[in-house]
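1. Quick one, what's the 3D model for this:
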Amino acid sequence: MTRVAVLHGGMSAEREVSLTSGAQVIAALQGLGFDVLPVEVSDDLGALIAALTPAPDVVFNALHGRFGEDGTIQGVLDYLGIPYTHSGVRASALAMDKAAAKAVFAAAGLPVAPHRIIDVAELADHDPLPPPYVVKPVNEGSSVGVYIVKLGDNSRAKIVEEWHYGPAMAELYVPGRELTVGVLEDHALAVTEILPTEKFYDYHAKYAAGGSRHVVPAELPEAITQRAREIALAAHQALGCRGASRADLRYDDASGRLVLLEVNTQPGMTPTSLLPEQAAYTGMSFPALCAWMVERAACRA
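-> As a prediction, the model looks like this:
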């Protein structure tokens with residue numbers, strides 16, 4: 001019987017999301033007959049290594065955010081020689097660093113929005129880009145710490161006051177529709193349109209029940225659907241991702257412009273998450289998706 005340790009929790013701003021993802025994965029794998037070892041991760045690396053001794057056959061990485069999807073835990077598992085789900089050190093680190101990821105995407109010829117890295121303190125004095133623009137942490141996920149600055153508003157001082165995320169990126173706001181595409185290894189799944197019930201697709205809209213509505217498949221021209229899937233797969237490959245990923249894009253109906261925002265190498269596995277929803281649309285149940293990930297676990301050591 002395959003023994004699978006499920007890592008969840010962690011130290012990032014996405015800890016609660018990870019706990020929810022982990023609980024879903026644990027239940028699914030237990031239902032399939034795997035010998036499951038739940039491991040709630042804290043800031044105690046020694047305790048984590050002890051929990052993984054003796055080594056399980058596979059680690060299912062259900063961590064999100066810093067230390068969980070930025071290459072850190074991946075390096076630890078490589079050092080220990082334990083196969084794990086999702087991407088390795090390099091792809092995880094690149095995807096989590098929005099500036100590095102955009103450089104990779106641009107080099108691969110993929111469409112990205114104009115952007116620059118800023119010291120968030122400069123917002124107190126001036127706009128780093130012509131409004132509207134988005135301010136976001138360079139190294140966070142799940143829309144944590146994302147702000148939209150519009151022409152004439154007075155939010156810059158508030159952003160500076162509330163900011164505690166380290167380096168920031170300012171990115172020109174792309175009008176239009178919020179799209180996302182899941183990728184399983186070498187195959188792009190469906191295109192989902194996300195319709196938030198609030199001002200934009202922030203952390204609450206992603207994970208709160210009723211925070212957003214998902215349309216899958218998105219009602220788009222066939223050429224745009226196909227192009228979105230091509231971009232998602234190309235981004236997955238450009239970063240060197242393994243297993244599952246999810247690309248977020250914007251589509252402007254008026255101009256026909258399709259822009260790649262970022263790639264998530266540890267897509268959420270919560271009841272409101274997008275990758276499981278897309279997998280279900282293509283006929284893959286949540287337990288089958290979890291098993292698919294376990295079967296493709298690898299070690300880079």
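2. what's the helix or strand for Tyr165?
-> Per DSSP states H and E, Tyr165 falls between elements, in no helix or strand.
3. ok, now which ones touch the closest residue to it other than its chain neighbours?
-> Nearest non-adjacent residue to Tyr165, counting by C-beta to C-beta, 6 or more residues apart in numbering: Pro137, 3.6 Å away. (C-beta placed from N, C-alpha, C; glycine too.) For Pro137, the contacting residues are 144-146, 165-169, by C-beta atoms under 8 Å, 6 or more residues apart in numbering.
4. if I look at Pro137, how far off is Ala121?
-> Distance from Pro137 to Ala121, counting by C-beta to C-beta, to the nearest Å: 15 Å.
5. And for Gln278?
-> Counting by C-beta to C-beta, the gap from Gln278 to Ala121 is 40 Å.
6. ditto for Val216
-> Counting by C-beta to C-beta, the gap from Val216 to Ala121 is 41 Å.
7. again with Ala101
-> Ala101 is 24 Å from Ala121, by C-beta to C-beta.
8. Make sure Val191 is indeed in a strand.
-> Yes. Residue state for Val191 (DSSP: H, G, I helix; E, B strand; the rest coil) corresponds to a strand.
9. Hmm, it is touching Ile231, no?
-> No. Using C-beta atoms under 8 Å as the test, Val191 is too far from Ile231 to be in contact (10.2 Å).
10. Show me how far stretch 65-77 is from its chain's centre.
-> Mean-position distance between stretch 65-77 and its chain equals 13 Å (C-alpha atoms, centre = their mean, to the nearest Å).
11. Give the rounded mean pLDDT of it.
-> When pLDDT is averaged over stretch 65-77, the result is 94.
12. Likewise for stretch 155-175?
-> On average, stretch 155-175 scores 90.
13. again, but for stretch 33-49
-> Here the average pLDDT along stretch 33-49 is 97.
14. Can you give the contact residues for that stretch?
-> Contacts of stretch 33-49 (C-beta under 8 Å, 6+ apart): 1-11, 19, 22, 26, 29-30, 51-52, 56, 63, 68, 73, 76, 80, 294.
15. Any stretches of the stretch 51-200 of the chain with poor pLDDT?
-> For the stretch 51-200 of the chain, applying pLDDT under 70 flags the ranges 141-143, 198-200.
16. Tell me which stretches of it form strands.
-> 58-61, 115-118, 133-137, 147-149, 168-172, 177-184, 187-196 (DSSP state E, counting those that start in this stretch).
17. The stretch 201-301 of the chain too?
-> 212-215, 244-252, 257-264.
18. And those: which comes nearest Thr180?
-> strand 244-252 (5.1 Å; C-beta to C-beta).
19. burial of His126, as a residue count?
-> His126: 7 surrounding residues under other C-beta atoms under 10 Å.
20. Touching, Gly182 and Ala190? I think so.
-> Yes. Here Gly182 reaches Ala190: they are 7.4 Å apart, a contact under C-beta under 8 Å.
21. Which neighbours do the two have in common?
-> With C-beta under 8 Å, 6+ apart, Gly182 and Ala190 have common neighbours Gln278.
22. So for those two, which residue has more residues nearby?
-> Gly182 (30 against 20).
23. Look up the residues forming beta bridges with the more buried one.
-> Judged by DSSP bridges, the bridge partners of Gly182 are Arg246.
24. And for Ala188?
-> Val183.
25. what does Tyr84 give?
-> Beta-bridge partners of Tyr84, as defined by DSSP bridges: Val59, Ala298.
26. got the contact list for it?
-> 58-61, 74, 77, 297-299.
27. Please spell out the PyMOL selection for the buried subset of those residues.
-> Entered in PyMOL, the line below selects the buried ones among the contacts of Tyr84, by 16 or more other C-beta atoms under 10 Å:
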select buried, resi 58+59+60+61+74+77+297+299
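28. rewinding a little: more neighbours: which of Val191 and Ile231?
-> Legend: neighbour count by other C-beta under 10 Å for Val191 and Ile231, higher for Val191 (26 against 22).
29. separation between that one and Pro276?
-> 16 Å.
30. and if you look at Val216?
-> 11 Å.
31. what about those two, which has more around it?
-> Counted by other C-beta under 10 Å, Val216 and Pro276 do not tie: Pro276 has more neighbours, with 24 against 18.
32. Test my guess that that one contacts Phe286.
-> Yes. Counting by C-beta under 8 Å, Pro276 touches Phe286, with 5.1 Å between them.
33. Spell out which residues are contacts of both of those two.
-> Met269.
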